[in-house]
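> Below are the sequence and a predicted model for it; my questions follow.
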Amino acid sequence: MMTHFRIGAAMALALVATAGYAQTDPNAVAQIPTTAFKPVATATSPDKSLVVTIAFDNDGRPTYAVARKGKAILNPGKLGVMFTDAPKIERNLELIGKSTDSSDSSWTQPFGEWKTIRDRHNELTLRFREKAGLKREMDVVFRIFDDGIGFRYNFPDQPNLHQANISDELTEFAFAQNGTAWWKPAYQWNREEYLYNKTSLDAVSTAQTVMTVKLADGTHAALHEAALVDYAAMNLARSEGNTLKASLTPGAGAPKVTRMAPFASPWRTVILSDDAPGLYMSHLELNLNEPNKLGDVSWIKPAKFVGVWWNMIKGDWSWATGPIHGATTANVKKYIDFAAANRIPGVLVEGWNVGWDGDWFGNGNAMQFDQPTPDFDAAELYRYARAKGVHLVGHNETGGSASHYDSQLDRAFSYARDHGIPVVKTGYVTDAGQIERVDADGTKKREWHEGQWMVNHYLRVVQTAAKYKVGIDSHEPVKDTGLRRTYPNWLAREGGRGMEYNSWPGKNPPNHEANMFFTQWLGGPMDFTPGVLSLEGQGGSAILSTEAKQLALYVVIYSPVQMAADTPENYAKHMNAFQFIRDVPVDWSETRVLNGEVGEYVTVARKDRAGDDWYLGSITNEEPRTLNVALDFLDAGRSYTAEVYRDGAGADYRTSARHSIAIEKRVVKKGDTLSLALAPGGGQAIRFAATGQARRR
């Protein structure tokens, strides 16, 4: 229930603090004109380190500001929404009610980077109403955590707002300091698949989220959104100086979002930390999503897989039928044999179904998702894989023909269920803004991958797959906003430049993964497809990595469906190193980020959920470096055998010595310190095998 309240002096002082005035100065309020803003509410994080202050400007526009540890992080930024067919809700508002709440609870993930997640926050809900005119009402809900904030708009059903046709948000993020920003451009043809720019904050143009900022005082901030459901995805456009404004992804029509009241927007999120590792250790995104809606999900089994894939990426095999078709019964059986011999549960097969012949890019209307090609014996491969203790991983490429896929969802996932396929990788390969939508009357329209219509499509796919107990690994996806908590069968996504770019000209540079760890991967797991130990792409071109770094990526990158992307023939040449890929799990009970700087280096330790072993991965950019790591994460009172896979003598991503790798063992315990020597473009992977812990078989 909303309650009326009176503004107190403490609220005014808190607002002054967020605007950059000394919190200790009792005369601070008098230092600025009293008409500049009108503070109306404040809320703090449970540990009191964050203060959110709500105020009105002279024209009755609501603003919010954020201070952290007494320093301004976000200056007053606008709140509000614009419509295509009605006046905006922004000006001449009054606050008619306020409610507060707090929560401190824990919940268990069925699988993930952490087994137990703590959700501790304070909540402030404010109801605004227009003083004149339509007198519409709008709630803004803030959740304040010790490591950041989330806020969203709620619109109750009301006489002058039954259907909302939103053209954009007026939401601002007004940073109080300049800083360095890591971001990739929005609204470009290649969707999310761009390298990250590193610029000053005031040089950002229009950016996708997650965008990460290191402010002048060293504070790190990550801007994103959570619980993106039935709404257009948010990008960030610089308005002036260090202020960014929400920019909603367009749809095929004039409104970017059409909703019937009552409804809520996604959460706009700001994670804050003293350093880069603290950003990754936040659970804010997951905590802002609703709990599991699928019920019993014990049928979801995180697992590694190999695949009929890398040879196609290199151009040696084809997706289309013909003399070099990859998805043949004989080829797939070879991969099943390799997977079974190496304790890898899954085998991905791409190009297995009718529809790949001809020009399918941007036109997948010939795709049939329950009809194999004549040279792919689905029944025999199902029998063969099951006899070997292996399952197939499916692939449904839509070519951007999303409505065509919609019409076959039940057929596609009943086929997967009937052939023992627990995971399907989906694809939407077409230029941004070129998704084909076909309405019930046959009208064809073009949509963006992250517009409202496609946001709903992706979720329809996940929900339909769940009916058949199938998991989804989305490629060319909508970005991850923590919905894996609500729909645990949404296992992973691509949404960035993965390993395939290392086969082609314009390869991922050595700093790419260290950028991704502190940007995109803050949103959730990525199907990056690491593990190319041959370090060769098309035509034998060199991948810009050492062999040890490829191993380290299995710990640095979290995904419950992790690929060993190279071919069986190539792995046969690197079996000593491949042992780490065989051993490393994909499900964890605990994760620690031990060190790191955006785009430079990162070291991650994770504990196997199925046992007592810990694993460590450390990677660097093009610079060699030595990192001293305290083994404080190990369990006390026991010893471990550290199985170390490190860059060998002379290792360097720029030379043939990128294959130089040293493998060694030593006994360690909690409290010891290891010195990790990383070569240019290099890394180090370690398995800490607990005493008495049997090796996986």
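Alright, I've got the coordinates. What you are looking at is a predicted structure, and each value in this text was computed from that prediction instead of being measured.
> does the closest residue to A690 other than its chain neighbours count as helix, strand or coil?
Computed as CB to CB, 6 or more residues apart in numbering, the closest residue to A690 that is not its neighbour in sequence is D612, at 3.8 Å. C-betas here are computed from N, CA, C, even on glycine. In three-state terms, and counting by DSSP: H, G, I helix; E, B strand; the rest coil, D612 is coil.
> Need the CA coordinates for the helix or strand harbouring L459. CSV is fine.
Taking DSSP states H and E as the definition, L459 sits inside helix 452-467. Only the C-alpha atoms of helix 452-467 are listed here, as CSV (Å, rounded to 0.1, in the frame of the first residue of the first chain):
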residue,chain,number,x,y,z
GLN,A,452,10.1,-6.6,-28.6
TRP,A,453,8.7,-9.1,-31.2
MET,A,454,11.9,-11.1,-31.3
VAL,A,455,12.4,-10.9,-27.5
ASN,A,456,9.0,-12.7,-27.3
HIS,A,457,10.0,-15.1,-30.0
TYR,A,458,13.2,-16.2,-28.3
LEU,A,459,11.2,-16.8,-25.1
ARG,A,460,8.5,-18.8,-27.0
VAL,A,461,11.3,-21.1,-28.2
VAL,A,462,12.6,-21.6,-24.7
GLN,A,463,9.2,-22.3,-23.3
THR,A,464,8.2,-24.7,-26.0
ALA,A,465,11.5,-26.5,-25.7
ALA,A,466,10.9,-26.9,-22.0
LYS,A,467,7.7,-28.8,-22.7
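> Now do it: distance to the chain's middle.
17 Å (CA atoms, centre = their mean, to the nearest Å).
> Would you list the phi and psi of Q177?
Backbone torsions for Q177, taken as degrees, to the nearest 10, come to phi -130, psi 160.
> Test my guess that it contacts V213.
No - counting by CB atoms under 8 Å, Q177 does not reach V213; the two are 9.3 Å apart.
> Settle it for me: which of the two has more neighbours?
Set Q177 next to V213 and count neighbours by other CB atoms under 10 Å: V213 wins out with 26 against 17.
> Distance of the more buried one relative to H224?
12 Å (CB to CB, to the nearest Å).
> now do L248
Here L248 is placed at a distance of 14 Å from H224 (CB to CB).
> again with G60
When distance is defined by CB to CB, G60 is 29 Å away from H224.
> Run through the bridge partners of E590.
For E590, the beta-bridge partners under DSSP bridges are K607.
> could you list every residue that touches P560?
F111, G112, I300, P302, A303, L491, A492, P525, V586, D587 (CB atoms under 8 Å, 6 or more residues apart in numbering).
> picking that back up, more neighbours, L248 and H224?
More neighbours surround H224 than the other of L248 and H224, with 30 against 24 (other CB under 10 Å).
> element containing that one, please.
strand 220-226.
> neighbouring strands for that strand, and are they parallel or not?
Sheet pairing for strand 220-226, assigned by DSSP bridges, gives strand 211-215 (antiparallel), strand 267-273 (antiparallel).
> avg pLDDT for that strand?
Strand 220-226 shows a mean pLDDT of 99.
> Now do the buried residues in it.
Within strand 220-226, the residues scored as buried using 16 or more other CB atoms under 10 Å are H220, A221, A222, L223, H224, E225, A226.
> Pick the one among these closest to A65.
Nearest to A65 among the buried residues of strand 220-226: A221, at 13.9 Å, using CB to CB.
> show me what contacts that closest one?
Contacts of A221 (CB under 8 Å, 6+ apart): I73, F175, T212, V213, L215, V270, I271, L272, S273.
> Now the two most distant members of the residues you listed.
F175 and S273 (15.1 Å).
> between these two, who's got more neighbours?
F175 (27 against 19).
> Dig out what that one forms beta bridges with.
On the basis of DSSP bridges, F175 is bridged to L74.
> S200 is in contact with that one, correct?
No - F175 is not in contact with S200 according to CB under 8 Å; the separation is 11.3 Å.
> Give me the packing partners of the helix or strand L286 falls within, helices and strands only.
In the assignment (DSSP H and E), L286 maps to helix 284-287. Here helix 284-287 touches strand 116-130, strand 220-226, strand 267-273, going by 3 or more CB pairs under 8 Å, 6 or more residues apart in numbering; DSSP states H and E.
> tell me the angle the following helix or strand past the longest one makes with strand 116-130.
Tracing the chain C-terminally past strand 116-130 and defining elements by DSSP H and E, one meets strand 137-145 next. Computed by axes from the mean of the first three to the mean of the last three CA atoms, to 10 degrees, the angle separating strand 137-145 from strand 116-130 equals 150 degrees.
> How is this structure divided into domains?
9-287, 291-495, 499-697 (automatic domain parsing).
> Then E513 would be within a helix, right?
Yes - checked against three-state DSSP, E513 lies within a helix.
> list the contacts for the spatially closest residue to it that is not a sequence neighbour?
Sequence neighbours aside, I619 is the residue nearest to E513 in space, at 5.7 Å (criterion: CB to CB, 6+ apart). Going by CB under 8 Å, 6+ apart, I619 touches E513, A514, K549, A552, L553, V556, Y601, V602, L678, G682, G683.
> Make CSV out of the helices and strands packed on helix 284-287 and add distance to Y468.
Below are those laid out as CSV (distance: least, CB to CB, whole Å):
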stretch, distance to Y468
strand 116-130, 28
strand 220-226, 27
strand 267-273, 30
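> Nearest to R625, out of those strands?
strand 220-226 (19.8 Å).
> Touching the next helix or strand after the closest one from outside, list them.
For strand 220-226, the following helix or strand on the C-terminal side (DSSP H and E) is strand 234-240. For strand 234-240, contacts defined as CB under 8 Å, 6+ apart pick out 169, 171-173, 183, 186-187, 202, 204-209, 211, 223, 225, 244-249, 266, 268.
> Partner strands of the helix or strand following strand 234-240 and their direction?
As assigned by DSSP H and E, the chain's next helix or strand after strand 234-240 is strand 243-248. Note on strand 243-248: by DSSP bridges, its sheet partners are strand 172-175 (antiparallel), strand 234-240 (antiparallel).
> which parts of strand 243-248 are buried?
Buried, per 16+ other CB under 10 Å, within strand 243-248: T243, L244, K245, A246, S247, L248.
> Now that we have the contacts of strand 234-240, which of them are buried?
For the contacts of strand 234-240, a burial check counting by 16+ other CB under 10 Å picks out 169, 171-173, 183, 186-187, 204, 206-209, 211, 223, 225, 244-249, 266, 268.
> Tell me where the stretch 51-200 of the chain has helices.
Ranges of helices in the stretch 51-200 of the chain, per DSSP state H, counting those that start in this stretch: none exist.
> How about the contacts made by the residue nearest to V532 when sequence neighbours are not counted?
Nearest non-adjacent residue to V532, counting by CB to CB, 6+ apart: D566, 4.7 Å away. Residues counted as contacts of D566 (CB under 8 Å, 6+ apart) are W310, G531, V532, L533, S534.
> would you say the third one is within a helix?
By that I understand V532. No - under the criterion used here (three-state DSSP), V532 is coil, not part of a helix.
> Ramachandran coordinates for it?
Backbone geometry at V532, expressed as degrees, to the nearest 10, gives phi -80, psi 90.
> No more questions from me, cheers.
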